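Undergrad: Here's a sequence, model it:
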Amino acid sequence: MITIEDFRKLELKVAEIKEVIEHPNADRLYVITVDLGDKCKQVVAGIRGSYQKEELIGKQVVVVDNLEPAVLRGVESQGMLLAASDETGLAIVSPARTIKLGSIVK
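TA: Numbering: from 1, shown residues only. Here you go, the predicted structure:
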């Protein structure tokens, strides 16, 4: 269990996917550029088996903006794209309507 204070430490924000490229060293990963309104970030996400690049461009998604950067298979990821999964596969978490980039998810 985490406290509400622990949860408040997460900066969940709405971003728009601007660019998607295949990770050069991993078959399941994309390298994704997201626009948070005031900045762009690079995120490495394991969604390649569930989404084609073309269907991701322009999609609004929820990202963890204050996650410590990590190097995944030689490529830096500066955040995390949120997705849910079940026996049918992955589904990216996105707002139900278009909303201002950088909006806080709470």
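Undergrad: helix/strand/coil for L10?
TA: coil (DSSP: H, G, I helix; E, B strand; the rest coil).
Undergrad: how close does the nearest residue to it once chain neighbours are set aside sit to L82?
TA: Distances taken as Cβ to Cβ, 6 or more residues apart in numbering place V64 nearest to L10, at 6.0 Å, with adjacent residues excluded. Backbone N, C-alpha and C define where each C-beta goes, glycine included. Using Cβ to Cβ, to the nearest Å, V64 is found at 7 Å from L82.
Undergrad: For the two, list the residues in contact with both.
TA: Residues touching both V64 and L82 (Cβ atoms under 8 Å, 6 or more residues apart in numbering) are L12.
Undergrad: tell me which residues form a beta bridge with the residue positioned nearest the centre of the chain?
TA: Note on the chain: the residue nearest the mean C-alpha position is L81, at 1.9 Å, using Cα atoms, centre = their mean. Residues in a beta bridge with L81, per DSSP bridges, are V63.
Undergrad: could you list every residue that touches it?
TA: Per Cβ under 8 Å, 6+ apart, neighbours of L81: I32, V34, V43, A45, I47, V61, V62, V63, I92.
Undergrad: What of L72?
TA: For L72, the contact set (Cβ under 8 Å, 6+ apart) comprises H23, A26, L29, V44.
Undergrad: Quickly list what it is bridged to.
TA: Beta-bridge partners, per DSSP bridges, of L72: V75.
Undergrad: Can you tell me how far it is from V43?
TA: Distance of L72 to V43, given as Cβ to Cβ: 10 Å.
Undergrad: Near A96, how many other residues are there?
TA: The local packing of A96 (other Cβ atoms under 10 Å) involves 6 other residues.
Undergrad: Same question for T3.
TA: Neighbours of T3 (other Cβ under 10 Å): 8.
Undergrad: go on, V43?
TA: Neighbour tally, V43, other Cβ under 10 Å: 23.
Undergrad: what sits opposite it in the beta ladder?
TA: Under the criterion used here (DSSP bridges), V43 is bridged to I32.
Undergrad: ok, it touching L82?
TA: No. Between V43 and L82 there is no contact under Cβ atoms under 8 Å: 10.5 Å.
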